[in-house]
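Participant: Pasting the sequence and the predicted model now:
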Amino acid sequence: MRALTRVVLFLGLGACSLLSAYIHRAPGAQPRQSGAGAGIAAEEAAHPSVFWNSATVYFLLTDRFLDGDSTNDHALGRAPDGALLRSFLGGDLKGVLRKIEEGYFDSLGVNVLWMTPFVEQIRGSTDEGTGKTYAYHGYWPRDWTAVDPALGTKDDLRALVDAAHRHHIRVLMDAVINHTGPVTPEDPQWPDDWVRTSPRCTYRSYVTTVDCTLVDNLPDVRTDRDAPVDLPPVLVEKWRREGRLDQERASLDAFFQRTGYPRAPRYYLIKWLTDWVRQFGFDGYRMDTAKHFEDGVGAALKREAELAFGDWRRAHPTQALDSLPFYMVGEAYGWDPSQGRQFSYGDSTVDFFAHGYDGLINFGFKRDAAGPPDSVFTRYSAALHTGALRGFALLNYVSSHDDGSPYDLDRKDPFGAGTRLLLAPGGAQIYYGDELARPLRVAGAQGDANLRSLMNWADLRFKDSTRQILLHWRKLGLFRRAHPAVGSGVHRTLQANPFIFSRTLLTDNIDDRVLVAMDQPKGAKSVPLFGVWPDGAALVDAYSGEIGTVSKGAVALNTPFDLVLLSQRPAVENDTVVVYVTNNYEIPMEVYVAGSGTDYRMGTVNPGIVSRFVLRWDVVGTNRQVEFVAQASGYGPRVRTGRVYVSPGDIVDFEISTQLIGSRAVVRP
């Protein structure tokens with residue numbers, strides 16, 4: 001009979017700040033079933049929509065996320081004199097890198113990172129009617145071949161992408177091909193054969209949406225023309241000053257000779273955008289303003305990006321995550337799943353999925369999320385499995401950088417927002433701060449600046465309410481990452497009130513099943529399972545960490561929560577010891593096991609999360625004694641539990657608790 005041992009470790013670390021943690025992958029609350037990992041990888045490679053519909057994408061404004069290097073805060077002489085929240089405010093690539101290495105994204109179950117454009121922006125400012133504004137957001141490009149120095153350097157960018165890949169996080173490049181930045185005294189207009197400056201779009205037809213400027217003073221690149229053009233003088237002069245004009249010309253000559261493309265504006269931009277993929281290994285594009293340029297442009301860009309991605313993989317075989325193909329998701333403002341594959345311009349339609357796009361951002365989710373979840377989940381699942389979107393992906397969001405009508409504008413329902421978004425079929429886009437209820441209204445700010453406030457890290461440090469919100473999002477995100485059925489499985493409503501549903505992903509390579517029960521009584525509860533698992537199956541609730549066995553078609557649990565996230569508990573091998581680690585401290589903890597004379601690193605355990613580890617018996621050693629060790633990453637002493645006797649097949653619950661003073665280990669049978 002297997003023993004159940006509970007080890008409680010009290011840590012005397014005081015009030016610590018968030019500290020660095022390095023991990024290669026997030027230790028999910030419950031991993032996939034034994035042997036399923038390879039099957040999932042094979043299925044995702046054969047059918048990429050399986051991955052992208054189960055992906056959790058973290059979207060951030062780099063300038064607003066975290067300042068990791070204050071020396072670049074006023075690069076290029078940009079003054080901090082913009083209107084409120086309309087100047088550069090210091091966030092940079094090193095700040096994002098720091099959070100990758102701390103495991104912040106891992107703790108949310110994030111497996112895709114999308115940052116606003118990092119290419120060099122215009123130097124000056126403009127006023128579009130909402131106050132003096134600089135290009136802090138990244139959508140006013142000046143030089144597609146350089147990293148904006150306010151965000152960092154190419155070395156910083158490479159370090160970020162490499163670190164993300166070590167954490168098994170893919171990185172999307174936010175690609176702008178539709179327009180240059182506004183014209184300012186410091187930023188002259190590109191030649192007329194490159195851009196148009198009128199008319200302004202009226203959005204009444206295809207032509208009045210594509211062959212026009214989005215707003216006044218935002219020059220529209222002539223992506224429709226094939227006539228050759230010379231390099232813009234502003235770039236020639238800039239590159240000459242920087243000593244790289246000859247290098248850039250030679251690179252362009254090689255590109256046009258290889259491809260046979262005319263030296264038309266769109267092909268210059270395609271070359272510059274795909275260079276980033278070839279050199280840094282970006283895993284996909286988020287295409288900005290996709291409905292505002294010709295559909296053939298996206299298709300041509302995708303073809304070149306796939307070649308570039310293949311070149312990078314061959315040059316970096318140990319850094320490539322897997323064989324998943326290059327991905328492209330489009331921002332076709334106004335699209336939602338009810339439109340299927342046809343996006344309407346009024347007088348004509350375009351099928352973006354037939355022109356290189358693997359997915360589209362779902363602008364309808366914020367509205368749909370306000371309705372009954374049963375209806376939303378059922379419709380989205382049908383569209384992805386039996387409808388027009390079968391084989392493609394959608395990306396849902398509750399808030400974004402330029403959507404003034406998000407779900408829950410006043411952040412009154414951050415728990416409900418996380419539940420709806422992270423349990424919905426399709427990909428989930430977390431906009432930075434959704435998980436911390438970052439305010440979307442800022443006194444004195446105008447327009448979209450309200451949506452782009454600084455990340456509220458201080459709230460996480462000082463407000464328990466913010467920490468509880470984050471914990472909720474983390475539990476859901478890790479459950480989602482551990483189980484591709486959540487986003488990519490077939491939805492089935494099992495009970496309307498209280499709402500219970502299942503998701504099932506069954507293929508030649510995957511058998512993944514989950515059941516979610518909402519609005520359950522807090523405390524003791526019996527959750528009906530409707531035949532999803534047979535009697536005798538061992539289940540685990542990822543939200544509470546509680547385990548149970550199916551009996552008479554139900555599972556009995558006793559948890560203080562009204563949400564239940566069920567999956568089958570992985571089988572325990574007879575020659576292993578399974579360890580469930582719960583971190584009740586406020587920062588990530590490094591966990592080790594000492595056995596057979598050596599300390600082995602088990603991994604990083606994020607706050608409030610139950611993580612499962614499997615120890616081979618040879619780690620334990622012949623004397624059957626192990627000792628568990630915990631340490632805040634890079635901080636303080638290692639605190640040890642004392643020796644615990646184990647046998648093959650045992651299950652150990654290791655709980656990290658906290659006290660402000662003292663430290664002790666208590667072993668409870």
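Facilitator: Thanks, I have it. Numbering: from 1, shown residues only.

Participant: Tell me how many other residues crowd the nearest residue to Pro219 once chain neighbours are set aside.
Facilitator: Excluding the flanking residues, the one nearest Pro219 by CB to CB, 6 or more residues apart in numbering is Val195, at 3.7 Å. Placement of C-beta: from N, CA and C, glycine included. Neighbour count for Val195, taken as other CB atoms under 10 Å: 19.

Participant: what do you get for Asp650?
Facilitator: Quick note: Asp650 (other CB under 10 Å) scores 21 neighbours.

Participant: Is it correct that it is in contact with Val577?
Facilitator: Yes: using CB atoms under 8 Å, Asp650 makes contact with Val577 at a distance of 5.1 Å.

Participant: got the domain boundaries for the chain?
Facilitator: Listed by automatic domain parsing, the domain ranges of the chain are 41-181+290-297+327-484, 489-568, 572-668.

Participant: and the residue nearest to Pro219, what does it touch?
Facilitator: Going by CB atoms under 8 Å, 6 or more residues apart in numbering, Val195 touches His179, Thr180, Gln189, Pro219, Asp220, Val221, Arg222, Pro265.

Participant: what two of those residues have the greatest distance between them?
Facilitator: The distance between the two most remote of the contacts of Val195 (CB to CB) is 13.7 Å, for Gln189 and Pro265.

Participant: Could you check how far Leu389 is from Asp336?
Facilitator: 11 Å (CB to CB, to the nearest Å).

Participant: So for these two, which sits in the more crowded spot?
Facilitator: Per other CB under 10 Å, whichever of Leu389 and Asp336 has more neighbours is Leu389, with 23 against 20.

Participant: can you pull out the helices in the stretch 151-300 of the chain?
Facilitator: 154-166, 207-210, 233-242, 245-259, 265-280, 295-315 (DSSP state H, counting those that start in this stretch).

Participant: Can I get those helices in TSV including mean pLDDT?
Facilitator: Formatted as TSV, the helices of the stretch 151-300 of the chain follow (pLDDT from 0 to 100):
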stretch	mean pLDDT
helix 154-166	97
helix 207-210	98
helix 233-242	98
helix 245-259	98
helix 265-280	98
helix 295-315	97
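
Participant: what's the closest of these to Glu586?
Facilitator: Among the helices of the stretch 151-300 of the chain, helix 154-166 comes nearest to Glu586, with 23.3 Å by CB to CB.

Participant: my guess is Leu151 meets Gly68, correct?
Facilitator: No: counting by CB under 8 Å, Leu151 does not reach Gly68; the two are 10.0 Å apart.

Participant: Give me the common contacts of the two.
Facilitator: Shared contacts of Leu151 and Gly68 (CB under 8 Å, 6+ apart): Asp92, Leu93.

Participant: If you count surrounding residues, which of the two has more?
Facilitator: Comparing Leu151 with Gly68 by other CB under 10 Å, the one with more neighbours is Leu151, at 29 against 18.

Participant: which stretches of the stretch 401-550 of the chain form strands?
Facilitator: Secondary structure of the stretch 401-550 of the chain by DSSP state E, counting those that start in this stretch: the strands cover 427-431, 490-495, 500-506, 511-517, 523-528, 538-541, 547-549.

Participant: Which strands or helices does the fourth one pack on?
Facilitator: Right, strand 511-517. helix 36-46, helix 485-488, strand 500-506, strand 564-568 (3 or more CB pairs under 8 Å, 6 or more residues apart in numbering; DSSP states H and E).

Participant: now the last one
Facilitator: If contacts are counted by 3+ CB pairs under 8 Å, 6+ apart, strand 547-549 sits against strand 538-541, strand 554-559.

Participant: Which residues does that strand contact?
Facilitator: Gly536, Ala537, Ala538, Leu539, Val540, Asp541, Val555, Ala556, Leu557, Arg569.

Participant: Please indicate which of those residues are buried?
Facilitator: Those of the contacts of strand 547-549 that meet the buried threshold are Leu539, Val540, Asp541, Val555, Leu557, Arg569, by 16 or more other CB atoms under 10 Å.

Participant: tell me which of those is nearest to Lys463?
Facilitator: Asp541 (26.8 Å).

Participant: The closest one touches Arg569, doesn't it?
Facilitator: No: under the criterion of CB under 8 Å, Asp541 makes no contact with Arg569, lying 9.9 Å away.

Participant: Tabulate the helices and strands packed on strand 547-549 in a markdown table, adding columns for distance to Asp464 and mean pLDDT.
Facilitator: Listed next are the helices and strands packed on strand 547-549 as a markdown table, based on distance: least, CB to CB, whole Å; pLDDT from 0 to 100:
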| stretch | distance to Asp464 | mean pLDDT |
| --- | --- | --- |
| strand 538-541 | 23 | 93 |
| strand 554-559 | 20 | 97 |
